[in-house]
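Chemist: Any chance you could fold what I've pasted below:
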Amino acid sequence: MVATDSVREQGWALEATCSVAESWSQAGHKVVLADAGLAEATLHEHVGSDNAEGVSDTVLFGSSVRRVAKRTEEGTYFFITAGTAPADPADVLASERWRRLCAGFVDAGVTLISFIGADAAGKAALLNLATDVIILAAAPEDPWPAVDGTLAPIRAVLGPASTAPGDSLPQDDEADVFDPWVSMVAEGANDASEASDQEDFASDSGSDSGEAPSGASAAPSEEGEASDAVLPEAEATIVEAAGHPPAAVATKSNRRLGLLVVVLALMIFGADAMGMVDIPWPWMAPESTDGELDAGAVSQASPAPIASTNPTLAYSVTVGAYQDADVAETRANSVSSAQGVLVAVAPIMIDGTLFHRVLVGPATDSASAESLADRVAAEIGADRSTWVMRETPVAFDLGVYAELDAATRRIEVLVGLDVPAYVLAMDMSDGSTRYRIYAGAYANEQEATYLRGHLEAQGLNDPTLSTRVGRIP
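Modeler: Predicted structure coming up:
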């Protein structure tokens, strides 16, 4: 969402952005709102939080998404502040780290709404990553310079009422007002070659009969009050969007904002991929949609048979167990310096105390586990006398991907949310390779009880405990 200075200074853009996030979340979307105005953070004030660690900290200092994303007071969506003011906001938003985080959101199925000012540093970099754009502007200003010719489809131009409360538009002028039920699209923005990627809202969720789409109610109206709208410029094309506009719309601030929320919900309701980024976090479980498949993901309904060259990884070497998760992570990182090893962290509850086991593999049997322990100890210069060989044939299956890059992006999101995920490559009988994401490594269902509860608490409902099969990618 890109806001011009005028609506930002009024505070309307902040209110509208938060209301959009809340309405989409209430409509069933998994939503994260991020303040991308890194040089001039403002959104946190309207959300009601401090500008603590945020977007810039995830990029510059490696702060995890779980650490910086906070549930709002309303509890319907998560908010990430702008964070520590960086020397160059444009570098942060153009960084590979930020790109990977955004891509991870997409892979996860959560809608990421990024808010930035039209003149903010880094806006061009942010627009390069956007899948869709909504412009927030006030009549009669020209909204198009705010997006600088971005290739992402402009889904709507929205703004506060252009007339004072209590005023009413002459009957002859009402037809010329840009109503929130329509979308302004710049000429040339929707070339024929792009038609398949830029859906017609009317065909997705509109109704020729003038009735509101199923699951949404028509906006309230009061006779004699002005439309909450932005006047279209002459060079703009008006495209009818979802639903049919009421005869008149209230100008009271709460009614105006309520209309904006309903309008955007209607515009998006039938186009699940239309959100700023329609992206599930582990705490907000991805939900399958009939006929849809995440980019890079492979359907697990009818998986290709696994080739016999993929062994079951039945054993691991336990190099330590720690109550402090950070200590366990540090230990895992130190052990991972050994060549050709897979290091996994498996949380387990023992007599009411949570431990984080650091496990090293791969090992298919006890003999290979012993040999692996000797080699790793020699490489990192450690005493292996306290190391334990454990049977760990099962782990939680968190999805399979056709591309390693897609699996890696997903893992980055999961690990940032304290889900101990890792990937194994599987050689398929058709000669292809798939990449399956696992979490933990256990002997049986009982050992995995704590992690199951943790995954479900993050929104990953009914996680599947399956046999660990594969090799190091």
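Chemist: how about the strands in the stretch 51-200 of the chain?
Modeler: For the stretch 51-200 of the chain, the strands defined by DSSP state E, counting those that start in this stretch cover 70-71, 78-80, 111-117, 133-136, 154-158, 182-186.
Chemist: out of those, which comes closest to Leu38?
Modeler: Nearest to Leu38 among the strands of the stretch 51-200 of the chain is strand 111-117; the distance by CB to CB comes to 8.7 Å. Backbone N, C-alpha and C define where each C-beta goes, glycine included.
Chemist: now what about the closest one, what contacts it?
Modeler: 1-5, 8, 13-14, 17, 20-21, 24, 29-37, 40, 43, 102, 105-106, 122-123, 126, 130, 275-279 (CB atoms under 8 Å, 6 or more residues apart in numbering).
Chemist: Glu40 contacts Lys123, doesn't it?
Modeler: No - using CB atoms under 8 Å, Glu40 is not in contact with Lys123, being 11.8 Å away.
Chemist: Settle it for me: which of the two has more neighbours?
Modeler: Lys123 (22 against 15; other CB atoms under 10 Å).
Chemist: Grab the nearest non-local neighbour of the more buried one.
Modeler: Nearest non-adjacent residue to Lys123, counting by CB to CB, 6 or more residues apart in numbering: Ile116, 5.3 Å away.
Chemist: per-residue confidence for the one you found?
Modeler: We note a pLDDT of 93 for Ile116 in this prediction.
Chemist: can you check Thr318 too?
Modeler: On the pLDDT scale, Thr318 gets 96.
Chemist: do the same with Ile134
Modeler: At Ile134, pLDDT is 91.
Chemist: ok, now Asp191?
Modeler: 34.
Chemist: What distance do you get for the residue nearest to Lys123 to Asp57?
Modeler: 17 Å (CB to CB, to the nearest Å).
Chemist: Output the strands of the stretch 51-200 of the chain in CSV, with distance to Arg468 and mean neighbour count appended to each entry.
Modeler: Putting those into CSV (distance: least, CB to CB, whole Å; neighbours: other CB atoms under 10 Å) gives the following:
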stretch, distance to Arg468, mean neighbour count
strand 70-71, 33, 14
strand 78-80, 31, 25
strand 111-117, 32, 25
strand 133-136, 43, 24
strand 154-158, 43, 26
strand 182-186, 49, 21
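Chemist: Could you save these as JSON lines and add columns showing distance to Glu447?
Modeler: Output for the strands of the stretch 51-200 of the chain, formatted as JSON lines (distance: least, CB to CB, whole Å):
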{"stretch": "strand 70-71", "distance to Glu447": "30"}
{"stretch": "strand 78-80", "distance to Glu447": "31"}
{"stretch": "strand 111-117", "distance to Glu447": "35"}
{"stretch": "strand 133-136", "distance to Glu447": "48"}
{"stretch": "strand 154-158", "distance to Glu447": "48"}
{"stretch": "strand 182-186", "distance to Glu447": "53"}
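Chemist: Residue ranges in the stretch 101-250 of the chain under the pLDDT threshold?
Modeler: By pLDDT under 70, the weakly predicted segments of the stretch 101-250 of the chain are 149, 161-250.
Chemist: which SS state does Ile411 fall under?
Modeler: Classification of Ile411 by DSSP: H, G, I helix; E, B strand; the rest coil places it in helix.
Chemist: Can you report how many residues lie near the closest residue to it other than its chain neighbours?
Modeler: Distances taken as CB to CB, 6+ apart put Ala421 closest to Ile411, at 4.8 Å, once the chain neighbours are dropped. When neighbours are defined as other CB under 10 Å, Ala421 has 24 of them.
Chemist: go on, Ile411?
Modeler: Count around Ile411 with other CB under 10 Å applied: 23.
Chemist: That one and Ala448, how far apart?
Modeler: Distance from Ile411 to Ala448, by CB to CB: 19 Å.
Chemist: Do a quick rundown of the helices in the stretch 251-400 of the chain.
Modeler: Under the criterion DSSP state H, counting those that start in this stretch, helices of the stretch 251-400 of the chain are mapped to 253-269, 325-335, 366-380.
Chemist: Touching, Val376 and Val335? I think so.
Modeler: Yes - Val376 is in contact with Val335 according to CB under 8 Å; the separation is 6.6 Å.
Chemist: Need the residues touching each of these two.
Modeler: Looking at what touches both Val376 and Val335 (by CB under 8 Å, 6+ apart), the common residues are Val319, Val341, Val360.
Chemist: Among those residues, which one has the most neighbours?
Modeler: Counting by other CB under 10 Å, top hit in these: Val360 with 25 neighbours.
Chemist: Disregarding residues adjacent in the polypeptide, which is nearest to that residue?
Modeler: Closest to Val360 by CB to CB, 6+ apart is Val317, at 4.4 Å.
Chemist: Is that neighbour bridged to anything, and to what?
Modeler: Val360, Met389 (DSSP bridges).
Chemist: what does Leu354 give?
Modeler: Met349.
Chemist: Quick one: neighbours of it, just the number.
Modeler: Using other CB under 10 Å: Leu354 sits among 14 other residues.
Chemist: That one reaches Pro347, doesn't it?
Modeler: Yes - using CB under 8 Å, Leu354 makes contact with Pro347 at a distance of 6.2 Å.
Chemist: now the end-to-end length of stretch 69-84.
Modeler: 14 Å (CA to CA, to the nearest Å).
Chemist: average pLDDT across that stretch?
Modeler: Per-residue scores along stretch 69-84 average to 86.
Chemist: can you list the domain ranges for the protein.
Modeler: Domain assignment for the chain by automatic domain parsing gives 2-274, 315-467.
Chemist: Can you lay out these as TSV showing distance to Pro473?
Modeler: Formatted as TSV, these follow (distance: least, CB to CB, whole Å):
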stretch	distance to Pro473
domain 2-274	17
domain 315-467	4
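Chemist: related to what we said a few turns ago, spit out the residues that contact Leu354 and Pro347 alike.
Modeler: Tyr450.
Chemist: burial count for Thr408?
Modeler: Thr408 has 18 nearby residues by other CB under 10 Å.
Chemist: ugh, typo on my part, it should be Leu151
Modeler: So Leu151, with other CB under 10 Å, has 12 neighbours.
Chemist: For it, grab phi and psi.
Modeler: phi -80, psi -10 (degrees, to the nearest 10).
Chemist: and Ile134, how far is that from Asp119?
Modeler: Relative to Asp119, and taking CB to CB, Ile134 is found at 17 Å.
Chemist: hang on, Arg468 packs against Ala441?
Modeler: Yes - proximity of Arg468 to Ala441 meets the contact threshold set by CB under 8 Å, at 6.5 Å.
Chemist: Please say which of those two ends up with more neighbours.
Modeler: The neighbour comparison of Arg468 against Ala441 (other CB under 10 Å) goes to Ala441, with 29 against 26.
Chemist: So the more buried one lies in a strand, does it not?
Modeler: Yes - looking at Ala441 with three-state DSSP, it is inside a strand.
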